[in-house]
Every structure is written in structure tokens, then in C-alpha cells.
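**Q** give me a 3D structure for the following:
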Amino acid sequence: MKLLMTILAGAFLVVGCSADDTTTRNETDEIVEAGEIDVFAVQLGDCISWDSTEVTRFAGVPCDEPHDGEIYELFDITGFDEYPGEEVVGELADEGCFVAFEPFIGIAFAESDFFFTRFAPSQETWEQVNDREVICIVNPGEGEPQLTMSLEGVAQ
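**A** This next block holds a predicted model:
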């Protein structure tokens, strides 16, 4: 059975961060020159790298340059006024990322060579900056070489 790689509790621990993006993008919003992207400024299709589970910024690069993963889904957790707890947030984040995996990759998660990581709101960011966003990132798995292309529609 495939290992589901997830990151939850350490994500988004910055209060009041701005949504900065120092990458250069073309007319279709693809990154054409590397830079840093605030977690609240990422876009679908961004190819990124990160150093830890306490992420406030990603390194954004063109998808043909080495990177840790590609953002394939962004969605908000809804239906809760108060933080529903780490377990509920984790389950909802995993479910949303799992459902979005096949349409992006072109093959079911269980059959794919790739994995996903997700960043989800912590209690602190939920309460302090009204963070509800889940970031789903397709990646090659721990210990595998970095990606050097977009994985959209790759069907592997």
C-alpha cells in the first residue's frame, strides 16, 4: 500500500504575513524566473521547494528546473466557525487532495508513481489569520530525485 505523505501541524505558523510573490510570471501566470512565494500567494501549477514543516514561504521555480513538488489543488475547509481540531482538518485535507489527484495526474493515486503532501491550517493560523486553505502538492516521494517537469496529465 502506498504511503500517504502529509504535513499538518507545523504548517502556516506565521501571523500577519503578507502575500508576497517575488517570482516572475508570464501572461498565463506560469513561473518563468525563480523567487519566493508566500504560502498565501501560491497558485495552481506552481512548482515549488521547501525546507521544513514550518513553512511560511516556498521557493518557486519554473517547472523545468529542479523542484520538490507541484501545487495541483487549493481549497478552503468550510463549515466550521471554530477550529475543528487537527484530526478533522487532516481528514478533510487528505480527502480533498486525494479526490483532486487523479484529475490532475491522469491516473488513480494507488496506481501512480507519485505521492502528495498537503499543508493545512494549524489552530494558530485558523484563529489568528483566518486561514482555511489547504495546499495539495504532488511530489516524487521521499528520497527520490527532484522533479524537472510539470506532472499535470503525466498519467504515471
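
**Q** so for the longest helix anywhere in the chain, mean pLDDT?
**A** If you go by DSSP state H, the chain has its longest helix at helix 86-105. Across helix 86-105, pLDDT averages out at 98.

**Q** what lies in contact with that helix?
**A** Here helix 86-105 makes contact (C-beta atoms under 8 Å, 6 or more residues apart in numbering) with 4, 6, 8-9, 72-73, 75, 77, 80, 83, 108-109, 112, 114, 116, 118, 120-123, 126, 134, 136, 138, 151-156. (C-beta placed from N, C-alpha, C; glycine too.)

**Q** with just CA atoms, put that helix into PDB.
**A** The C-alpha trace of helix 86-105 is given here as PDB (Å, rounded to 0.1, in the frame of the first residue of the first chain):
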ATOM      1  CA  GLU A  86      -6.200  18.700  13.900                       C
ATOM      2  CA  GLU A  87      -7.700  15.300  13.200                       C
ATOM      3  CA  VAL A  88     -10.800  16.700  11.400                       C
ATOM      4  CA  VAL A  89      -8.600  19.200   9.400                       C
ATOM      5  CA  GLY A  90      -6.200  16.400   8.500                       C
ATOM      6  CA  GLU A  91      -9.000  14.100   7.300                       C
ATOM      7  CA  LEU A  92     -10.700  16.900   5.200                       C
ATOM      8  CA  ALA A  93      -7.300  17.900   3.800                       C
ATOM      9  CA  ASP A  94      -6.400  14.400   2.800                       C
ATOM     10  CA  GLU A  95      -9.800  13.700   1.300                       C
ATOM     11  CA  GLY A  96      -9.700  16.900  -0.800                       C
ATOM     12  CA  CYS A  97      -6.200  16.200  -2.000                       C
ATOM     13  CA  PHE A  98      -6.900  12.600  -2.800                       C
ATOM     14  CA  VAL A  99     -10.000  13.400  -4.800                       C
ATOM     15  CA  ALA A 100      -8.100  16.100  -6.800                       C
ATOM     16  CA  PHE A 101      -5.100  13.800  -7.500                       C
ATOM     17  CA  GLU A 102      -6.500  11.700 -10.400                       C
ATOM     18  CA  PRO A 103      -7.900  14.600 -12.400                       C
ATOM     19  CA  PHE A 104      -4.600  16.400 -12.300                       C
ATOM     20  CA  ILE A 105      -2.200  13.400 -12.800                       C
END
